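J.: need a 3D model of the sequence below.
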Amino acid sequence: MSIPVDSPTPNISPKITLENDYLKSLQQRYAFATILIPFFGLLIAIYTTFKFGISSVDIGLFLVMYTLTMLGITVGFHRHFAHGAFKTNTVIRILLAILGCMSAQGPVIQWASIHRRHHKYSDRPGDPHSPLIYKGEKWATLRGLWHGQVAWMLNSDVTNTVVFAKDLLRDPIITKVNRFYLTWVILGLAIPAIVDGLLTGTWIGILQGFLWGGLVRIFCVNHAFWTINSIAHYYGQRPFDTEEQSHNTFWLSLANFGEAWHNNHHAFPHSALLGLKWWQIDIGGGVILALQKVGLAWDLKTPTAGMIAEKLKVNKQSENLTIDASNF
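T.: Predicted coordinates:
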């Protein structure tokens, strides 16, 4: 019998989760909506494409909304709010928080709390979405991948934001953005529908904008990002000998804007850059560097060559090769 990853154990303070049936039920309802509604939107979009076709406006709105909301998650929710990897001004913080909310992955404070909890207990009891909880059981890999991708949202306990996000709870501006979470989700669906309708001048345009720039975009953004909880804890390379089973999964790095350099991230969780080699494509990191260049981001946290060399995992059984840390 498997042990749920967030089951109470003597080593975990019970305060990391809230024993509240109402909040847990509410969290489950939101999770079902986040998983199922975009999925059905994708099916409807496929049908309408065969019936009405798909226009360049539909594709353009999908790509623009995908880019904006993925940046809201990777640059905003993840690197800025969860890890404090860089500082920026109030306007950019609000914009990143709103764009992140438009992805429908949850309010910014709850998202940051869950992610910080993941780092504290990564791949151990207490981690809300480790895919390794069925290790040694039948179909362990498939069950684990499913759990890490979506199932954890349906059965996880409610993470205590007071324990994991006191700094964000004390921020009056971010708590206000957090409070209007559903408003931002709806706005993220309405904007592409309105824009498509205005540009095409048709009701079909409104529907296609709602589907492709809204629901299909949410489906693709979320599943591209959720692979970090599932695939990136099973497959890829581990240049750094970290305590959990994070991997660098290069073939996912474009889809989730650099998040797939997951072993790099667990080695240096507060780094603003997840791609540490020149060829490790990190779109989120590139945007942060661009913001820094124009004075909109500062105090970027990045590992030095010495820090990287110290943490590099070397296979002592292989040939003695000199690793040049300056290439990282």
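J.: average pLDDT across stretch 248-260?
T.: What stretch 248-260 shows for mean pLDDT is 97.
J.: what's the answer for stretch 219-227, then?
T.: Mean pLDDT, computed over stretch 219-227, is 98.
J.: the stretch 1-150 of the chain: helices as residue ranges?
T.: Secondary structure of the stretch 1-150 of the chain (DSSP state H, counting those that start in this stretch): helices at 21-52, 56-71, 90-101, 108-120, 140-146.
J.: which other helices and strands contact the second one?
T.: Packing partners of helix 56-71 (3 or more Cβ pairs under 8 Å, 6 or more residues apart in numbering; DSSP states H and E): helix 90-101, helix 181-200, helix 203-208, helix 217-226, helix 283-293. Any C-beta I mention is one placed from the backbone N, CA and C, and that applies to glycine too.
J.: buried residues in the third one?
T.: For helix 203-208, the buried set under the neighbour-count rule, 16 or more other Cβ atoms under 10 Å, comprises Ile204, Gly205, Ile206, Leu207, Gln208.
J.: show me which of those residues is closest to Asp171.
T.: Taking Cβ to Cβ as the measure, Asp171 lies nearest Ile206 of these, at 36.3 Å.
J.: quick one on the thing from earlier: distance to Thr175 added to the helices and strands packed on helix 56-71, as JSON lines?
T.: Shown next, in JSON lines, are the helices and strands packed on helix 56-71 (distance: least, Cβ to Cβ, whole Å):
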{"stretch": "helix 90-101", "distance to Thr175": "10"}
{"stretch": "helix 181-200", "distance to Thr175": "11"}
{"stretch": "helix 203-208", "distance to Thr175": "34"}
{"stretch": "helix 217-226", "distance to Thr175": "24"}
{"stretch": "helix 283-293", "distance to Thr175": "24"}
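J.: highest mean neighbour count out of those helices?
T.: Of all the helices and strands packed on helix 56-71, helix 217-226 carries the top mean neighbour count, a mean of 22, counting by mean count of other Cβ atoms under 10 Å.
J.: how far off centre is it?
T.: Remark: helix 217-226 is offset 9 Å from the chain centroid, using Cα atoms, centre = their mean, to the nearest Å.
J.: what packs against it?
T.: By 3+ Cβ pairs under 8 Å, 6+ apart, helix 217-226 packs against helix 21-52, helix 56-71.
J.: hey, which of those helices is tucked in deepest?
T.: Most buried of those, by mean neighbour count (mean count of other Cβ under 10 Å): helix 56-71, with a mean of 20.
J.: tabulate the CA atom coordinates of that helix in CSV.
T.: Extracted C-alpha coordinates of helix 56-71, given in CSV (Å, rounded to 0.1, in the frame of the first residue of the first chain):
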residue,chain,number,x,y,z
SER,A,56,-3.8,33.5,-38.2
VAL,A,57,-5.5,35.6,-35.6
ASP,A,58,-6.4,32.5,-33.5
ILE,A,59,-2.9,31.2,-33.7
GLY,A,60,-1.4,34.6,-32.9
LEU,A,61,-3.6,35.1,-29.9
PHE,A,62,-2.7,31.6,-28.7
LEU,A,63,1.1,32.3,-29.0
VAL,A,64,0.8,35.8,-27.4
MET,A,65,-1.3,34.6,-24.4
TYR,A,66,0.9,31.5,-24.0
THR,A,67,4.0,33.6,-23.9
LEU,A,68,2.6,36.2,-21.4
THR,A,69,1.1,33.7,-19.0
MET,A,70,4.1,31.3,-19.1
LEU,A,71,6.3,34.3,-18.3
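J.: which residues are in contact with that helix?
T.: By Cβ atoms under 8 Å, 6 or more residues apart in numbering, the residues outside helix 56-71 that reach it are 96, 99-100, 102-103, 188, 191-192, 195-196, 199-200, 205, 208-209, 212-214, 216-218, 220-221, 224-225, 256-257, 283-284, 287.
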